[in-house]
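Q: Have a look at this prediction, sequence included:
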Amino acid sequence: MQKLISKVTDNSNFYMENSPIDLIEKYGSPLYVYNEKILREKMRDMKNLVSYENFAVNYSAKANSSLAILEIANEEGLNIDAMSPGEMYAELKAGFSPDKIFYISNNVSKEEMQYAIDNNITLSVDSISQLEQFGQLNPGGKVAARFNGGIGAGHHEKVITAGKNTKFGIDPDEMELFNETLKKYNLTLVGINQHIGSLFMEPDKYIEGVYAILSIAKQFKDLEFIDLGGGFGIPYNKLEDTYKTLDIKALGNKLDEIFEEFTKEYGKRLKFKVEPGRYIAAECGVLLGTVHAIKNNGNNKYAGTDLGFNVLARPVMYDSHHDIEVYRKSDEKSEKIEPITVVGNICETGDIIAKNRMLPTLKEGDILAILDAGAYGHVMSSNYNNRLRPAEVLIRENREAVLIRKRDTLEDIMKNFISLK
Ligand code: LLP
């Protein structure tokens, strides 16, 4: 096997003794591959973020909710958030006790709320209208609420979740009605939470957001916890020599300082939580795929692969950049580095994974590895064009690669249809 580009995964010893080509041959293409050691390291980074003792990391399961990943998060002693009954269900199956799960609900039905209530899972409401609904279902109960502190951040407007242009959070201007509603149903507000958005590389906005939520927190006397949200960024450009990482040490120190100052004033060392998804899961995952066609069209050269946006939606949805590494089975040399547009096999012109990327001259049969695909990768994949979602493989700490999710089958994509015949 020739490694035409492999710097990032070589540096992290990502595949250990496994070769990406063998993995594809064994489990099929495309294929998600995760590295357990890297995953656990990232979980520990977050657990050690601060020295303040009453602190919890809620892994944001939406980033990657594969059962094995959830089981590892549970083993590492993380707490976990959920965005739906489906995530709560998977988390309970993975062994999380209900007190470790936090359901951050958004515009949900009575049945969804009831599911959390029945399972003793703390739930956060996202509007006064939903607080009313909760009060009717569970008068006298405990509840949390998500506030919009006015500070938003993120890598794309679609993922900025606080500030003036988002559906999320309760506007602090509505505090009076909020308090009246709590009182009306005799509810106890046990926690408040926020999430300013996804993928910040400098701590400033996050810290600004923390101050904003703390000034809201001061208005409630009996809180048990304050959840500051996630959004911790990772570098997606590690093939460049000058890439920067998020300085989590500086961020942690600043948070410690803020926690000490706040709890002194508040009179209680209440619990602080953070909710990272991407930081924990992104870098432990690579998406492997195969080049099936090379062609020129107009002014562009294309590599046609099996990596359509049904498999990885991020580039199409947010114009996200993912680094690409390249492997070749034969000894045939690559002549030069040239711009090439890497596309998938979905019947849409927008099905582009990388535009005019500088890569070694590609050939049919080459294996591409899309890096940092462990978060918002498989979870956002679909059966569009009746394509099969890929298998997922975990390289264990003992170097062995194990299957943790099977590839869809043709039966899977037909199983819920009801024939008229
Ligand atoms: N907490 C809440 C309430 C959230 O809504 C999110 C993400 C997180 C935590 C975790 O954010 P993270 O630490 O992963 O940035 N699909 C997009 C990201 C959407 C994030 C939505 N909310 C992407 O691929 O970039």
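A: Looks like it came in fine. These figures come from a predicted structure and were not determined experimentally.

Q: Would you list the phi and psi of the closest residue to Tyr266 other than its chain neighbours?
A: Distances taken as C-beta to C-beta, 6 or more residues apart in numbering put Lys218 closest to Tyr266, at 7.0 Å, once the chain neighbours are dropped. Heads up, the C-betas are built off the backbone N, CA and C, glycines and all. The phi and psi torsions at Lys218 (degrees, to the nearest 10) take the values phi -60, psi -20.

Q: Quick one: neighbours of Lys218, just the number.
A: 11 (other C-beta atoms under 10 Å).

Q: Isn't it up against Gly267?
A: No. Counting by C-beta atoms under 8 Å, Lys218 stays clear of Gly267, with 10.8 Å between them.

Q: ok, now how distant is the residue nearest to Tyr266 from the ligand?
A: The gap separating Lys218 from the ligand is 22 Å, by C-beta to the nearest ligand atom, to the nearest Å.

Q: For the stretch 301-421 of the chain, which segments are assigned as strands?
A: Under the criterion DSSP state E, counting those that start in this stretch, strands of the stretch 301-421 of the chain are mapped to 324-328, 337-343, 352-360, 367-370, 391-395, 401-405.

Q: ok, the nearest residue to Asp351 once chain neighbours are set aside - contacts?
A: In space, and not counting its chain neighbours, Asp351 is closest to Gly344: 4.5 Å by C-beta to C-beta, 6+ apart. The neighbourhood of Gly344, defined by C-beta atoms under 8 Å, 6 or more residues apart in numbering, consists of 304-311, 351-353.

Q: okay, Gly344: pLDDT?
A: Gly344 is assigned 98 on the pLDDT scale.

Q: One more: His156?
A: 87.

Q: Same question for Ala162.
A: Turning to Ala162, the model gives it a pLDDT of 83.

Q: what kind of secondary structure is it in?
A: Recorded secondary structure, Ala162: coil (DSSP: H, G, I helix; E, B strand; the rest coil).

Q: Quick check: Ala375 vs Ala401, distance?
A: As judged by C-beta to C-beta, to the nearest Å, Ala375 and Ala401 stand 20 Å apart.

Q: er, Ser105 actually
A: Ser105 sits 37 Å away from Ala401 when distances are taken as C-beta to C-beta.

Q: Mind checking which of these two has more residues around it?
A: Taking other C-beta under 10 Å, Ser105 and Ala401 do not tie; Ser105 has more neighbours (23 against 20).

Q: check contacts around that one.
A: Applying C-beta under 8 Å, 6+ apart, one finds that Ser105 lies in contact with 83, 112-113, 116, 123-126, 130.

Q: Contact residues of the stretch 101-250 of the chain facing the ligand?
A: Applying C-beta under 6 Å from any ligand atom, one finds that the stretch 101-250 of the chain approaches the ligand through 104, 159, 161, 195, 198-199, 229-232.

Q: any chance of the residues you listed in JSON lines, with neighbour count and secondary structure too?
A: What follows is these, written out as JSON lines (neighbours: other C-beta atoms under 10 Å; DSSP: H, G, I helix; E, B strand; the rest coil):
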{"residue": "Ile104", "neighbour count": "25", "secondary structure": "strand"}
{"residue": "Val159", "neighbour count": "19", "secondary structure": "helix"}
{"residue": "Thr161", "neighbour count": "23", "secondary structure": "coil"}
{"residue": "His195", "neighbour count": "27", "secondary structure": "coil"}
{"residue": "Ser198", "neighbour count": "26", "secondary structure": "coil"}
{"residue": "Leu199", "neighbour count": "23", "secondary structure": "coil"}
{"residue": "Gly229", "neighbour count": "27", "secondary structure": "coil"}
{"residue": "Gly230", "neighbour count": "29", "secondary structure": "coil"}
{"residue": "Gly231", "neighbour count": "30", "secondary structure": "coil"}
{"residue": "Phe232", "neighbour count": "27", "secondary structure": "strand"}
